[in-house]
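# have a look at this fold, sequence not included:
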């Protein structure tokens, strides 16, 4: 232990004095390694960023020789598209819905995969473990349309659950059109679909934990819970932080496809989110500008939240994405 | 930023074009040869080029389907078929066309056609049709051509009209066995009889059955669905989203004098537990399921719906019903006797040619050959695929008809409209279930109450700018509002707010536009 | 040291026993929740048309038939789109893994000069997107519209996956690399022969994440392919789901009277699930905790 510490200390000192040129000469391979990724970044991610200007233009795809040329030739209209987005009286409501639904999803669903991964890791029977693991991960592959079909036959007003309820003399519950339970339905179905998938990622993190730490803890007589608290969780921490920061960052973005399939007019009050609202507003219009404006708004919010969450995590937990 | 982008793209373009050069030197030569020969009409006698086709989304591969071969044999043209995606079709089409797609011929919706036309992306077809498309020109009626013409009076698209002008497309299926058990022997004809039927059923069965389930709407996103079945709206005189009053004034359905009455009626059904509690949630699948599982007594449906449910309900594994246990309720009449159902006359698809197409003459010729052989291509050969009934109507021979002509509808670009209206019912007849409903509702209405069919005033309206921009989202908003009214989350007093929202979201703009078109088209002063 | 992983002779403590029992109970409930709906779909694809449409199929086939499967495999382009998707998934995953590893490694080194700048570039490009039009134009300009390349390009690197690998690399003990460096090994040498073998669990997981990404990709297939030959599995599935009316018309008069539209959708879902789900047990082989790390660090 001491040896390593002194070695890296010495290394730090060397680096402090050496110039960038020297570093480059020694580690030029590192930069070459980055090239394929950077190529992708520039070609597919950064060049298209030019398209963000569409959010500030009266874009007509036929204005130029090709759709790209058309961006340059379209008129600037300033913040007009953003006004269209925000000026509507419904915007506050759908913004609140978006935040509430996603907060529910984070609060109720974020911890579950972590717990699952820890529990799965405790299971010694390999066959059982593999089976359980594979089982909970399958739902991820169902599209929302199919998922809706499954859950409607279970939870519809005349579905299996309600048939049971009414047979025992209870009132039927309209899960799909009752504003009191609809958000719960959204959270539950999302959990059904995503929990197993996220567990996979945490399981990978757990495998990275040094086994000898557990051995040492056991020798010290630490209970299972203490081992989890002091070894497993810290070992997963960087993955947890990564997942949390991204979840928080994309708080305006998630659940569009799900809600579009599950909701209906009677639950708009609790389930209409920004994206579904804009989607309905722009039905049949191929309104590239409005879509771009919404995307930009979401991106800016996400960027601020991610940077913010990252620095908070850095300060409080001493972990961060960068 | 832009400069860098363009510079970079330029470099990429050079690289990729260099790469392309290496491979396709032979294809360029063939390109120039077709371009050279395509100039004169005589050249058409020579080699027929492969045509590149773009059509609407479909569940099968049109290239490998048996129909492709039949069409190729008959027309002599090899065609490479492409389809638009099921979702994001508009965006995809616009991006492809704007960046120079090389399709020879495309079949699009009326609104897509209008967008392409207004952007100057289409080739005028008048001269070409005169030269190579006489049969097409003759087969399509004047009004349809008008709808596909540009402001310069030239034809830009070839219309495909809905094949049957007076079909009752949506109706209700009723379980006669359950109705009779409750003492109802007659199908309701008016809205009051309908209400009484529901009440009687509710009294008799209580919560054992869903008395009336609906609406029958496709689960896919942007399709136009009525959340109150048109068999009911007919009784209130509401037959379309836009209508014209006796003074020639264009108005929206929510402005109809009976709109509140219609809503009150639906609210009454809802409050008294006569309709499915999941009315707002239902789609075609859930409604079909409730009907065929024997959970519901009356269900909204359509031709395709009964094709799914009837065989199951009458099958040995299903409810074991007989054919006469199923009743079909068409357009209901109001208390005052009014009953309005809109004619199904409208343009479904438009075939057009992009400016850049090199094979325009061939395309027109191809479509013309197809139209000459309409009966053979769509219905088949007498004795093999169909026989004539005593009354002259066509009866298909199953299953060979379904196998060899089942998918022909997708390959249609233009029809001899009059003839096709006679030939087409045979396509319904390929399924006994569909035909039973068609006969009980459409044929009956045409025979007994032909006056219920109201002209679709806007059948031949080109897709106007504001209309194509706002109408779809307005219709969705109206449907949603209707559902909220029925479900009780909104009150009829909110109609005022709705109306002002409607005005702000483009409703008034559309009205002005449609009013102008109406005045012009029908020659109103 | 390998042995150490296995349970040693020490008896289980009470807390451990409780923990294990709880684990079994909770995981069994969750697995059941996940499996029942799947059984439901599976049963539907083997049940008669009337049983499916009337909703009487629960978790076991009713009136077993194989016509639905036959229909999907013989009468549709399912197999062709499956082939396309497999090609894209295999090729794409290989390319993506190479690019992801070579990117994550430099960025995982705290001493790497310019690290912060590069990471920031990745964060920015993860959050901001220029929209479909310029992206489409890039793909078009590259001349790869309607090719497999167009379906691979968008997932060349998935930022999230890259960060997971980077995180893992950061957690690896530096001592081994240090000693290799002293022996004169180059950065690539270290990456290939030391870092990657130590990271098999996470690399296997991320490879699976990529494979699933390619497998499930729908949007890019919509935008970047035109021809029916290039149709992928997801496109096929969506087309099936959104064209139910035309499929029904085709079924009613054809030879498939015992096939229902719901059954077809279920069969398509089941068939397209099998290959990708089968991948997971394969990945799990590599998910063994601490094989090399334990041995080196102890």
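Yes, it's here. Keep in mind that this is a model prediction, so the values were computed, not measured.
# from here on, just use CA atoms for contacts and neighbour counts.
Will do.
# how about the secondary structure of the most centrally placed residue in chain B?
In chain B, the residue lying closest to the centroid (CA atoms, centre = their mean) is residue B:348, at 5.6 Å. Using DSSP: H, G, I helix; E, B strand; the rest coil, the secondary structure recorded for residue B:348 is strand.
# okay, it: pLDDT?
On pLDDT, residue B:348 comes in at 88.
# could you check how far it is from residue B:159?
As for residue B:348, its distance to residue B:159 is 8 Å (criterion: CA to CA, to the nearest Å).
# same question, residue A:112
57 Å.
# more crowded one of these two?
residue B:159 (28 against 17; other CA atoms under 10 Å in any protein chain shown).
# would stretch A:288-296 count as contacting chain C?
Yes - interface with chain C: stretch A:288-296 contributes A:292, A:295-296 (CA under 8 Å from any CA of the partner chain).
# run the chain-centre distance for that stretch.
20 Å (CA atoms, centre = their mean, to the nearest Å).
# what's the closest of the residues of stretch A:288-296 next to chain C to chain B?
residue A:292 (13.3 Å; CA to the nearest CA).
# which residues touch that closest one?
A:52, A:54-55, C:130-131 (CA atoms under 8 Å, 6 or more residues apart in numbering or on different chains).
# repeat that for residue C:204.
By CA under 8 Å, 6+ apart, the residues touching residue C:204 are C:283, C:286-287.
# not counting its own residues, what contacts stretch A:305-316?
A:241, A:245-246, A:248-249, A:319-322.
# try it again at 10 Å.
Contacts to stretch A:305-316, defined as CA atoms under 10 Å, 6 or more residues apart in numbering or on different chains, come from residues A:238, A:241-242, A:244-251, A:299-300, A:302-304, A:317-322, C:120, C:123, C:127.
# how about the residue nearest the centre of chain C: what's its closest non-neighbour residue?
Closest to where the C-alpha atoms of chain C average out (CA atoms, centre = their mean) is residue C:212, at 1.9 Å. Among residues not flanking residue C:212 along the chain, residue C:276 sits closest, at 7.1 Å (CA to CA, 6 or more residues apart in numbering or on different chains).
# how close does residue A:108 sit to residue A:187?
8 Å.
# more crowded one of these two?
Shown here are residue A:108 and residue A:187; by other CA under 10 Å, residue A:187 has more neighbours (18 against 13).
# quick one, what contacts the residue lying closest to that one once chain neighbours are set aside?
Nearest non-adjacent residue to residue A:187, counting by CA to CA, 6+ apart: residue A:105, 5.6 Å away. Neighbour list for residue A:105: A:99, A:183-184, A:186-188, A:190-191, A:247, A:251, A:254-255 [criterion: CA under 10 Å, 6+ apart].
# show me which of those has the smallest pLDDT value.
Lowest pLDDT among the contacts of residue A:105: residue A:254, 71.
# that one sits in which helix or strand?
Residue A:254 is part of no helix or strand when elements are defined by DSSP states H and E.
# and the closest residue to it other than its chain neighbours, how close does it get to chain B?
Once flanking residues are discounted, residue A:254 sits nearest to residue A:102: 7.3 Å by CA to CA, 6+ apart. Distance, residue A:102 to chain B, by CA to the nearest CA, to the nearest Å: 23 Å.
# which secondary element of chain B has the worst mean pLDDT?
helix B:25-37 (a mean of 37; mean pLDDT, DSSP states H and E).
# one step back: may I see the buried residues of the helix or strand in which the residue nearest to residue A:187 is found?
Using DSSP H and E, residue A:105 sits within helix A:91-109. By neighbour count with 16 or more other CA atoms under 10 Å in any protein chain shown, helix A:91-109 contains the buried residues A:91, A:93-103, A:105-106, A:109.
# for the next helix or strand after that helix, buried residues please.
Remark: after helix A:91-109, the chain's next helix or strand is helix A:111-122, criterion DSSP H and E. Using 16+ other CA under 10 Å as the test for burial, helix A:111-122 gives A:112-122.
# one more: stretch B:403-422?
Neighbour count says stretch B:403-422 has B:403-408, B:411-417, B:420-421 buried, by 16+ other CA under 10 Å.
# distance between it and the chain's centre?
On CA atoms, centre = their mean, the centre of stretch B:403-422 falls 14 Å from the chain's centre.
# can you confirm whether it lies near chain C?
Yes - using CA under 10 Å from any CA of the partner chain, stretch B:403-422 reaches chain C at B:403-404, B:406-407.
# would you format the residues you listed as TSV with secondary structure and distance to residue A:308 included?
TSV is the format used below for the residues of stretch B:403-422 next to chain C (DSSP: H, G, I helix; E, B strand; the rest coil; distance: CA to CA, whole Å):
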residue	secondary structure	distance to residue A:308
B:403	helix	62
B:404	helix	64
B:406	coil	60
B:407	coil	57
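# how about residue B:119, nearest residue that isn't a chain neighbour?
Nearest to residue B:119 is residue A:62, by CA to CA, 6+ apart, at 6.4 Å.
# pLDDT weak spots in the chain?
Using chain A here. A:1-18 (pLDDT under 70).
# wrong one, I was asking about chain C
Ranges of chain C meeting pLDDT under 70: C:1-13, C:252-255, C:288-298.
# which element is residue B:74 on?
Residue-wise, residue B:74 maps onto helix B:66-75 under DSSP H and E.
# check contacts around the nearest residue to residue C:146 once chain neighbours are set aside.
Sequence neighbours aside, residue C:225 is the residue nearest to residue C:146 in space, at 4.0 Å (criterion: CA to CA, 6+ apart). Listed by CA under 10 Å, 6+ apart, the contact set of residue C:225 reads B:84-85, C:144-148, C:150-151, C:231-232.
# what of residue B:342?
B:165-169, B:230, B:234, B:238-240, B:452-457.
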